[in-house]
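Got a sequence here, can you build the structure:
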Amino acid sequence: MPRTPRPLTVAAAAHVALAGCAVLWPDTRPSRESMGGPANGALLRATRVPERAPGFSVFRTESEGGQLHTTRRLRDAVVESAARVARLAPGGAELVVGDFSAPFGGRIERHRSHRNGRDVDLLFFALDRGTGRPTRAPGFVRYDREGNPRDREATVRMDFERNWLLVESLVREDRFGVIYVFVAEWLKQALLRWARARERDPRWIERAERVMHQPGDAAPHDDHFHVRVACTSDERLRGCVDSGPRAWWLERAFGKLDAAPDDDSDYAWAVARSPELAAPRSGRRRR
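Coordinates of the predicted model:
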């Protein structure tokens with residue numbers, strides 16, 4: 001009698017995915033999706049992003065070679081942020097979304113990272129140079145510190161309002177877990193100046209200043225945003241690797257998102273039965 005093949009473990013599935021082979025017997029246990037690092041990882045049970053949704057469309061469809069697989073959190077971050085920009089600044093062009101990751105992660109064309117479902121490229125919102133009206137980003141246009149295109153033949157300039165609203169939307173939701181928004185330093189400073197001059201909420205300005213970062217080992221990113229989200233606590237236990245320190249608000253709140261929903265009520269029940277659990281330690285004040 002033939003033996004029934006055993007499902008692959010998560011580690012084995014990641015090894016197969018990284019080797020470029022099909023996963024024939026996926027693990028049936030709950031997946032934590034992202035494994036390894038952005039430049040050497042894998043993606044399990046990916047979520048596919050739609051090619052069009054309210055406020056955004058993809059730069060390349062899947063049939064054109066676009067990579068549209070990611071984690072649920074990054075999908076939600078992009079979909080919800082695009083919709084929010086469209087709501088706050090109506091009448092504008094849609095966000096143009098570049099590559100996420102391959103269905104099982106691993107190496108993809110045009111990218112050194114994007115291998116474990118936690119990276120995406122977002123083209124800058126643009127204005128028509130002649131009329132000043134919003135227009136769909138024609139491609140990866142490089143901009144100088146004034147928001148003018150470096151290519152003199154380009155017909156667009158940078159839309160600082162909508163690009164700021166996009167960054168603000170990405171960083172204001174702890175549940176998205178945005179750890180980096182890679183962008184050229186001169187565009188980061190221009191966006192921060194725009195936000196401060198218009199008295200945007202200082203909480204989101206502080207967060208944006210912390211996560212916007214020009215990479216030191218790649219192009220400066222003066223033609224698009226590169227967004228990366230953090231590993232969850234459970235993903236890290238299964239081998240997901242964050243690059244660089246996480247911002248304070250993620251250290252404070254993001255780990256809690258992976259806790260069981262009854263953690264707080266269980267603690268309250270335990271305190272009710274044993275009040276000494278809630279007593280502060282000697283010599284220290286509770287906050």
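
So what touches whichever helix in the chain runs longest?
Counting residues, the longest helix found in the chain (DSSP state H) is helix 72-88. Here helix 72-88 makes contact (Cβ atoms under 8 Å, 6 or more residues apart in numbering) with 33, 47, 49-50, 53-56, 92, 94-95, 97, 100, 117-120, 122, 125, 162, 165-166, 169-170, 173, 175-178, 227, 229, 232. Every residue, glycine included, has its C-beta placed from N, CA and C.

Show me which of the residues you listed are buried.
Applying 16 or more other Cβ atoms under 10 Å to the contacts of helix 72-88, the neighbour count classes 33, 47, 49, 53, 55-56, 92, 94-95, 97, 100, 117-120, 122, 125, 162, 165-166, 169-170, 176-178, 227, 229, 232 as buried.

As a check, name the ranges of all helices in the stretch 1-150 of the chain.
Taking DSSP state H, counting those that start in this stretch as the criterion, the stretch 1-150 of the chain contains helices spanning 10-18, 72-88.

Mean pLDDT lowest where, among those helices?
Of all the helices of the stretch 1-150 of the chain, helix 10-18 carries the lowest average pLDDT, namely a mean of 45.

Pull the number of nearby residues for the residue nearest to R60 when sequence neighbours are not counted.
Of all residues not flanking R60 in the chain, G66 sits nearest, at 3.3 Å (Cβ to Cβ, 6 or more residues apart in numbering). Around G66 there are 16 other residues, counting by other Cβ atoms under 10 Å.

Now do the contacts for G66.
The contact partners of G66, taken as Cβ under 8 Å, 6+ apart, are E51, V58, F59, R60, G98, D99.

which residues sit in contact with the fourth one?
Read it as R60. G66, G98, D99.

The last one: neighbouring residues, count only.
Spelled out, that is D99. D99: 22 surrounding residues under other Cβ under 10 Å.

List the contacts of the spatially closest residue to D121 that is not a sequence neighbour.
Residue nearest to D121 in three dimensions, not counting chain neighbours: G98, with 3.2 Å by Cβ to Cβ, 6+ apart. Counting by Cβ under 8 Å, 6+ apart, G98 touches V58, F59, R60, G66, V120, D121, L122, L123, H224.

how close does G98 get to E146?
24 Å (Cβ to Cβ, to the nearest Å).

now F56
As judged by Cβ to Cβ, F56 and E146 stand 26 Å apart.

What of R175?
Going from R175 to E146 by Cβ to Cβ gives 35 Å.

and if you look at R84?
To E146, R84 is 26 Å away according to Cβ to Cβ.

Pick out whichever of the two has more residues nearby.
Set R84 next to E146 and count neighbours by other Cβ under 10 Å: R84 wins out with 18 against 9.

Give me the neighbour count for the nearest residue to F140 once chain neighbours are set aside.
What sits nearest to F140 in space, not counting adjacent residues and going by Cβ to Cβ, 6+ apart, is D223, at 4.0 Å. Residues lying near D223 (other Cβ under 10 Å) number 20.
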